[in-house]
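Engineer: Following is a predicted model, sequence given first.
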Amino acid sequence: NDACSKTSEANRYSIAVMDTRTKTRSDDSAESLARRSSHIKAELIHLIYKQSPIGITITIINGAALTLLLWNHVAHGVLFSWFIALLLAAGMRLLLVYQYRRRKVPRSNSERWGRLNIIGLAVTGVIWGATMVLIFPAESLTLQLCIALLLCAIIATAISLYGVVPGAVFAFSLPIFLVWIVRFLTFNDPIHIVIAGMAILYMGVMVFTSQHIARIRRQLLTTRFDLANRVTERSRELKETNAYLLTEIKERKIIEERLRQERDRLEVITTTVGAGLAVISKKHRILWSNRIFKEIFGAETYGPCYQHLYERDSLCEACGCRQIFDHACVKVVQERECVDDSGRTLWFQVITTPIRNSEGRIRA
């Protein structure tokens, strides 16, 4: 009965857990999607800040290289002013990266820091686009092509570093492309028009590539987030199950201890009575016996009663147990001749009474 009760309780527990999970998934689906979107945005912004020092270093190196390349072809004051502006923008971005890392910005506030980084990239892009106006060597096509190639390399670097957030790439690259295209179209000759067309084509490739990189990165982050959530959910379920099992084990130990105490108490009581007691099944097998019964007939008394008590191979003609089982007698009293464990013949008064279950049916 205890086992059936525990099984029923476990089934109710399982059903309750399943119903709770279904309701939770239904109620929290929108919240989970919003949390996942916020988590992915924060991860992308963190990735931009993580890679920003590399982009800033490359910007400073390329700026210095361009300054040296144009030193003899552009007025030094203008060239120096342009390079200082580039350094100031780089310094501003480095300070932003330092503040982001030092404050350990939480996800809830990451979007604002993402916008600040994009603004820094836009300022840097404007300064690089200004090369086509402020320090552009109009008389040298070779230097113009060198500047165009340098800008292509810088934009390619920006795509590789910031492509996970297309807005960051666009903020940096669009000022460069727009000034580049307008500047080369003003020459109104085939070579410069071709270069402007190449800039338009390269801009289209940049848009496609950055979108592709961002899509792949988002898919990876989404998969990682979902896997982490599943691991967390399964861990929580295991903890709940383990807690329930521990409680179940503790309760079973308590029940077993109580049963042991009751068995010991029953043994003491039946021994005190001074009579041999035994429980006989419907198949006439000895299910249980007290200490006195075992002392008389031997410890191994779990076979058929007619063998252990009367040394017979079949049921006795005047079997009290059969009268109980067949005729539902309330009590059968007999004088019987039995054989003890040493083979001696003894006379006993045998009193047989029924044991009934909760429904009133005779069990033994």
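Structural biologist: Right, received. Where do you want to start? Numbering: from 1, shown residues only.
Engineer: Please list all residues in contact with residue 123.
Structural biologist: By CB atoms under 8 Å, 6 or more residues apart in numbering, the residues touching residue 123 are 89, 92. Yep, even glycine has a C-beta here, placed from its N, CA and C like the rest.
Engineer: number of nearby residues for residue 99?
Structural biologist: Neighbour count for residue 99, taken as other CB atoms under 10 Å: 13.
Engineer: pLDDT score for it?
Structural biologist: At residue 99, the model reports a pLDDT of 89.
Engineer: Just the element for it, please.
Structural biologist: Assigned by DSSP states H and E, residue 99 falls within helix 76-103.
Engineer: for residue 279, same thing?
Structural biologist: Following DSSP H and E, one finds residue 279 within strand 278-280.
Engineer: go on, residue 52?
Structural biologist: If you go by DSSP H and E, residue 52 is part of helix 2-69.
Engineer: for residue 241, same thing?
Structural biologist: Applying DSSP H and E, one finds residue 241 within helix 190-273.
Engineer: what's that helix packed up against?
Structural biologist: Helix 190-273 sits against helix 2-69, helix 141-162, helix 166-185, helix 291-297, with contacts defined as 3 or more CB pairs under 8 Å, 6 or more residues apart in numbering; DSSP states H and E.
Engineer: So what touches the following helix or strand past the last one?
Structural biologist: Under the assignment DSSP H and E, the closest C-terminal helix or strand after helix 291-297 is helix 305-310. When contacts are taken as CB under 8 Å, 6+ apart, the neighbours of helix 305-310 outside the stretch itself are 278, 280, 284-286, 297-298, 301, 312-316, 319, 321, 336-339.
Engineer: now stretch 132-151
Structural biologist: Under the criterion CB under 8 Å, 6+ apart, residues 62, 65-66, 69-70, 73-74, 78-79, 81-82, 128, 131, 176, 179-180, 182-184, 191, 195, 199 lie in contact with stretch 132-151.
Engineer: Could you give the separation of that stretch from the chain centroid?
Structural biologist: Mean-position distance between stretch 132-151 and its chain equals 55 Å (CA atoms, centre = their mean, to the nearest Å).
Engineer: buried residues in it?
Structural biologist: Using 16 or more other CB atoms under 10 Å as the test for burial, stretch 132-151 gives 132, 135, 136, 137, 143, 144, 146, 147, 148, 150, 151.
Engineer: ends of it, how far apart?
Structural biologist: Length of stretch 132-151, first residue to last, CA to CA, to the nearest Å: 10 Å.
Engineer: per-residue confidence averaged over it?
Structural biologist: In this model, stretch 132-151 has an average pLDDT of 87.
Engineer: cool, and stretch 293-308?
Structural biologist: 78.
Engineer: what's the closest of the helices and strands packed on helix 190-273 to residue 271?
Structural biologist: helix 291-297 (5.1 Å; CB to CB).
Engineer: quick revisit: would you reformat the helices and strands packed on helix 190-273 as TSV and include distance to residue 269?
Structural biologist: Output for the helices and strands packed on helix 190-273, formatted as TSV (distance: least, CB to CB, whole Å):
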stretch	distance to residue 269
helix 2-69	22
helix 141-162	86
helix 166-185	86
helix 291-297	11
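Engineer: Just say which of the ones you listed is most tucked in.
Structural biologist: A comparison of these by mean neighbour count, using mean count of other CB atoms under 10 Å, puts helix 166-185 on top with a mean of 21.
Engineer: how close does the residue most central in space within the chain get to residue 238?
Structural biologist: Taking CA atoms, centre = their mean, the centroid of the chain lies closest to residue 231, which sits 1.5 Å from it. Separation of residue 231 from residue 238 (CB to CB, to the nearest Å): 10 Å.
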